[in-house]
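**Q** Model the structure of this input:
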Amino acid sequence: MTGPDDDLVPVSVRLGAVVPPEDPEDWTRPLTWVAAAGMLTAPIATLAWYLLASPAQAERALPATYLVAAALAAGSAATGATQLGRARAWTATLGTGLFGALVIVMIGVVMAGERQVGAASPTLSHAFGAALAGFAGAAVAAAVAAGVARLESRLIRFAAAVAAGIAIAFSATGFLMPG
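**A** The predicted model follows:
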């Protein structure tokens, strides 16, 4: 039996269905662009690297490997800095890190070319190393982002998370792919 107030609530909401908002995300807001750029920075850097000068060896990290790992950590931190509240900053940073790492590995697989038996192709090796190191940096950046989420200044929230994320991404890249 429905009451008089139930008529004001759409049927889809009463039934528990998820419906898109009437006004989709406003792409004119700068923070929306910061979040989108943060999510796509590392995958775009990876794609550009592989299209312009694909790695020929997989034994040690190249400067571009460090760059992609740092871009993943920094982009994740930038996305998290757009959020208010600890839980949102944490999940936005981690979610962006996971998304970026997955796309980086997918780009490495697509750009690998021929299949190799017994060894990974250089593109896949660098993609996996950069994705893992970048996600380690994003995880630390998520913790920092959650810790500073209540600060008023977005610049301070951004700088703290980015600095921590990049430092860990660089360290993890050197650890995963020693040269």
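
**Q** Check Ala69 and give its pLDDT.
**A** Confidence at Ala69, expressed as pLDDT, is 97.

**Q** so it touches Ser171, yeah?
**A** No. With contact defined as C-beta atoms under 8 Å, Ala69 does not count as touching Ser171 (9.7 Å). For the C-beta atoms, the positions are set from N, CA and C on the backbone; glycine is no exception.

**Q** Can you pick out the residue with more neighbours from those two?
**A** Taking neighbours as other C-beta atoms under 10 Å, Ala69 and Ser171 compare with Ala69 leading, 37 against 15.

**Q** which strands and helices sit next to the helix or strand hosting the more buried one?
**A** Per DSSP states H and E, Ala69 falls inside helix 63-81. Secondary-structure packing of helix 63-81 (3 or more C-beta pairs under 8 Å, 6 or more residues apart in numbering; DSSP states H and E): helix 30-53, helix 86-110, helix 122-147, helix 154-176.

**Q** Buried residues in it, which are they?
**A** Buried residues in helix 63-81, counted by 16 or more other C-beta atoms under 10 Å: 64-81.

**Q** low-confidence ranges in this protein?
**A** For the chain, the stretches flagged by pLDDT under 70 are 1-28, 114-120, 179.

**Q** Mind doing that once more with 80?
**A** Filtered on pLDDT under 80, the chain yields the residue ranges 1-32, 113-120, 179.

**Q** which residues are in contact with both of Ala69 and Ser171?
**A** Residues touching both Ala69 and Ser171 (C-beta atoms under 8 Å, 6 or more residues apart in numbering): there are none.

**Q** which residue sits closest to Ser54, ignoring its sequence neighbours?
**A** In space, and not counting its chain neighbours, Ser54 is closest to Thr123: 5.8 Å by C-beta to C-beta, 6 or more residues apart in numbering.

**Q** what does stretch 171-179 contact?
**A** By C-beta under 8 Å, 6+ apart, the list of residues contacting stretch 171-179 reads 59-61, 65-66, 69, 125-126, 129-130, 132-133, 136-137.

**Q** quick one, what contacts the nearest residue to Leu98 once chain neighbours are set aside?
**A** Of all residues beyond its chain neighbours, the one nearest Leu98 is Phe135 (6.9 Å), with distances taken as C-beta to C-beta, 6+ apart. Neighbouring residues of Phe135 by C-beta under 8 Å, 6+ apart: Leu72, Gly97, Leu98, Gly100, Ala101.

**Q** burial measure for the third one, as a count.
**A** Pointing back at Leu98 there. Using other C-beta under 10 Å, Leu98 has 15 neighbouring residues.
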